[in-house]
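*Asks:* The sequence isn't on hand, but the structure is:
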């Protein structure tokens, strides 16, 4: 049996009991109704509203204007509380979403900053490597140029030494011929020297092919590698 059926039966029984009591009162006006069982539960409810089936006898009550106003105010207060709670929950949701958005933006900013720093570090590394390579190349060129200058100096010194030696030998040759000429002129008429004097005269009369000594001050020719090293500076 459903609760609604139970309520109907209770109301019907109450109506029947009321009619029987009225009939009995009409027949016996001097008899009072028996008192209600004080141990039986009585459910006091506003019957114009939804009835709560919590057991016991149903007693309909009438609310006063003050009670109605109080209930209306309570409903308005609860509605206002629910509305404020919903608004607060919405604000909290928006604030939470805003905080999450800010956290994502901050994470993205940090990621961008880290990537920019990585790129900058890579650029600095490449620039440092390029600078080191350029410095090494300059050092190599300077060393090659210094070696080329040292070779030029050594070659110049060798040419000067060769020129000095050539001039020394030429001077000794001239000094020797002068001695031979002097010997013939001064001692060739002596009888015992006539034979050797004739040979000396014949020797001096022969045409001589003497190569001139090279000049040490002539412009030295650089090798092709040395020229490239010097021109690359």
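*Replies:* Arrived safely, thanks for sending. Please read all numbers here as calculations on a predicted model, not as lab measurements.
*Asks:* so what pLDDT did residue 233 get?
*Replies:* pLDDT, residue 233: 46.
*Asks:* hang on, residue 43 is in a strand, isn't it?
*Replies:* Yes - checked against DSSP: H, G, I helix; E, B strand; the rest coil, residue 43 lies within a strand.
*Asks:* which SSE is the most centrally placed residue in the chain in?
*Replies:* Nearest residue to the geometric centre of the chain (C-alpha atoms, centre = their mean): residue 115, 2.5 Å. Residue 115 is part of helix 65-187, with elements assigned from DSSP states H and E.
*Asks:* now the helix or strand following that helix, how far from the centre of its chain.
*Replies:* Counting by DSSP H and E, the element after helix 65-187 in chain order, helix or strand, is helix 194-205. Relative to its chain's centre, helix 194-205 lies at 99 Å (C-alpha atoms, centre = their mean, to the nearest Å).
*Asks:* Next, the angle from helix 194-205 to helix 65-187.
*Replies:* Interaxial angle of helix 194-205 relative to helix 65-187 (axes from the mean of the first three to the mean of the last three C-alpha atoms, to 10 degrees): 140 degrees.
*Asks:* Buried residues in helix 194-205, which are they?
*Replies:* By 16 or more other C-beta atoms under 10 Å, the buried positions in helix 194-205 come out as 197, 200. From N, CA and C alone the C-beta is placed, and that goes for glycine too.
*Asks:* That one packs against which elements?
*Replies:* Secondary-structure packing of helix 194-205 (3 or more C-beta pairs under 8 Å, 6 or more residues apart in numbering; DSSP states H and E): helix 65-187.
*Asks:* And the average pLDDT for the helix it packs on is what?
*Replies:* pLDDT averaged over helix 65-187 gives 92.
*Asks:* What helices and strands are in contact with that helix?
*Replies:* helix 194-205, helix 224-231.
*Asks:* What's the per-residue pLDDT of the residue with the largest distance to the centre of the chain here?
*Replies:* When distances to the mean C-alpha position of the chain are computed (C-alpha atoms, centre = their mean), the maximum falls on residue 191, with 110.3 Å. In this model, residue 191 is scored at 85, pLDDT.
*Asks:* Let me see the contact set for it.
*Replies:* Contacts for residue 191 (C-beta atoms under 8 Å, 6 or more residues apart in numbering) come out as none.
*Asks:* Worst mean pLDDT among the helices and strands packed on helix 65-187?
*Replies:* helix 224-231 (a mean of 47).
*Asks:* List the contacts of stretch 176-190.
*Replies:* With C-beta under 8 Å, 6+ apart, stretch 176-190 has contacts from 193, 194, 197, 198, 200, 201, 203, 204.
*Asks:* any idea how far that stretch is from the chain center?
*Replies:* Distance of stretch 176-190 from its chain centroid, counting by C-alpha atoms, centre = their mean, is 98 Å.
*Asks:* Likewise for stretch 187-194?
*Replies:* On C-alpha atoms, centre = their mean, the centre of stretch 187-194 falls 107 Å from that of its chain.
*Asks:* Now that stretch: buried residues?
*Replies:* residue 188.
*Asks:* Ends of it, what's the gap?
*Replies:* 8 Å (C-alpha to C-alpha, to the nearest Å).
*Asks:* ok so, going back, same list, the contacts of stretch 176-190, but as CSV with distance to residue 159 please.
*Replies:* CSV is the format used below for the contacts of stretch 176-190 (distance: C-beta to C-beta, whole Å):
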residue, distance to residue 159
193, 43
194, 46
197, 40
198, 41
200, 35
201, 37
203, 32
204, 32
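*Asks:* In terms of helices and strands, where is residue 53?
*Replies:* Taking DSSP H and E as the definition, one finds residue 53 inside no helix or strand.
*Asks:* Thanks a lot, catch you later.
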